[in-house]
Structures are given as C-alpha cells and as structure tokens.
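S.K.: next one to model:
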Amino acid sequence: MTDEGTTGRTGGTAEGTPEPTAAERPAPRSAVWAAAAWSVGVLALLIALPLVARHRLPDPLATHWNGSEPNDSMSLTAATLVPAVFWAVLVLTSAVLKRYWAGRTPGAAAVTLATGGVLLTGAQTSIVHANLDRARWQDAAPIGVEVVLILLAAGLAGLLAGLAARRYGARPRS
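M.R.: So this is what the prediction gives:
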C-alpha cells in the first residue's frame with residue numbers, strides 16, 4: 001500500500017502530482033542564452049573567416065584534399081555559405097532535440113552544438129589558412145595534423161558539453 005501524499009518510486013511530489021520530466025522542464029535561461037550566443041558566434045566566424053581574408057585568397061578555394069594534396073575546390077561564396085548553412089541545420093537540429101527528445105536524449109543538443117561548432121570552425125580555419133596567399137587553389141598548402149587536432153578538439157568539446165549537461169540537470173529521471 002502506498003501513500004499518495006509522499007514522494008516515492010513514482011516520482012510524485014508531496015501533493016501527489018508527478019514532477020516534470022527533463023523534456024517538460026524548461027531549460028535554464030542562462031543555458032538558452034549561452035546556446036544562442038554560441039550559435040550566433042559560430043555562424044559569424046564561419047562567414048567572417050573567408051570574407052576577412054578574401055583579398056589574400058584565390059577564387060576558387062581548395063576545399064578537399066586527397067592525402068596532403070588539394071583535389072577539389074569551391075568558389076569563395078560557396079566556401080563561405082556551405083559551412084554556414086550546415087551550421088544552421090545543426091542549430092535547428094539541436095533545437096528540435098532539446099524540444100522534443102530532451103527526456104530520451106539528455107544533453108544531445110549541447111553535444112551537437114559544441115561538437116559541430118568546433119568541427120566547422122576548425123575546418124573553415126584550416127581551409128582559409130591553407131589557401132592564404134596562394135595564386136590558385138591547386139597551390140594550397142597541404143593539410144595533415146590539423147585534421148587530427150580538429151577532430152580531437154571537437155570530440156573533447158562534445159564530451160565536455162555532455163558532462164556539463166549531465167551535471168546541470170539534463171539527466172533523465174530514473
């Protein structure tokens with residue numbers, strides 16, 4: 001026999017109403033503002049990096065390497081917009097994750113934003129750096145260890161975001 005006025009395994013409050021799940025709890029205002037600031041900041045970097053250096057970049061830019069040699073290119077406009085559009089899709093995906101699946105996937109939105117932001121800005125930085133002061137995209141500098149460092153940084157950012165989300169209330173109820 002259970003007492004409806006106490007908190008037990010059912011997760012109810014003293015009044016007998018169930019506590020809201022992680023999906024039903026609104027995110028703290030500071031977390032929402034931090035996610036918004038991160039999203040806008042990453043978008044600004046993705047667009048600004050190639051545009052600020054455009055007078056020192058070839059058009060088109062090397063955007064893909066086969067080993068250490070560049071083997072594909074994009075126009076400066078495409079190299080600016082494609083990562084920005086991809087980032088916008090990631091931001092929308094994380095908002096959907098947070099809104100509809102927060103209870104089943106705690107911290108997924110934070111991990112998506114952190115990993116995606118570091119990965120995309122790292123890739124954009126590497127592309128701009130490799131093409132800087134080159135006459136043609138075929139002359140772009142080789143990319144090697146940068147890829148490993150970017151992947152490690154993105155993985156670390158995702159791990160830290162996941163740990164922070166678990167620490168600050170994104171845990172599912174048991």
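S.K.: you'd agree residue 110 is up against residue 163?
M.R.: No - counting by Cβ atoms under 8 Å, residue 163 is not a contact partner of residue 110; they are 9.6 Å apart. C-beta coordinates here come from the backbone N, C-alpha and C atoms, glycine included.
S.K.: the two: who's more crowded?
M.R.: Neighbours of residue 110 and residue 163, each counted by other Cβ atoms under 10 Å, are more numerous for residue 110; the result is 28 against 13.
S.K.: where in this structure is pLDDT low?
M.R.: For the chain, applying pLDDT under 70 flags the ranges 1-28, 102-103, 105, 167-174.
S.K.: just the strands in this structure please.
M.R.: Using DSSP state E, the strands of the chain run over 61-66, 69-74.
S.K.: give me the residues contacting the first one.
M.R.: Contacts with strand 61-66, where a contact means Cβ atoms under 8 Å, 6 or more residues apart in numbering, come from 50, 70-76, 79, 127-128, 130-131, 134, 137-138, 140, 142-143.
S.K.: what's the neighbour count on residue 164?
M.R.: Residue 164 - counted by other Cβ under 10 Å - has 15 other residues nearby.
S.K.: ok, the closest residue to residue 153 other than its chain neighbours to residue 93 distance?
M.R.: Closest residue to residue 153 apart from its sequence neighbours, by Cβ to Cβ, 6 or more residues apart in numbering: residue 118 at 5.3 Å. Distance of residue 118 to residue 93, given as Cβ to Cβ, to the nearest Å: 16 Å.
S.K.: for those two, indicate the residue with more neighbours.
M.R.: The neighbour count for residue 118 versus residue 93, taken as other Cβ under 10 Å, is higher for residue 118 (21 against 15).
S.K.: hmm, residue 160 and that one touching each other?
M.R.: No - in this structure residue 118 lies outside contact range of residue 160 using Cβ under 8 Å: 10.1 Å.
S.K.: among the strands of the chain, which is nearest residue 153?
M.R.: Checking the strands of the chain against residue 153 by Cβ to Cβ gives strand 61-66 as the closest, at 18.7 Å.
S.K.: quick one: the closest one to strand 69-74, angle?
M.R.: Here strand 61-66 runs at an angle of 140 degrees relative to strand 69-74 (axes from the mean of the first three to the mean of the last three Cα atoms, to 10 degrees).
S.K.: what comes up buried for strand 61-66?
M.R.: 61-63, 65 (16 or more other Cβ atoms under 10 Å).
S.K.: that concludes my questions; thank you for your assistance.
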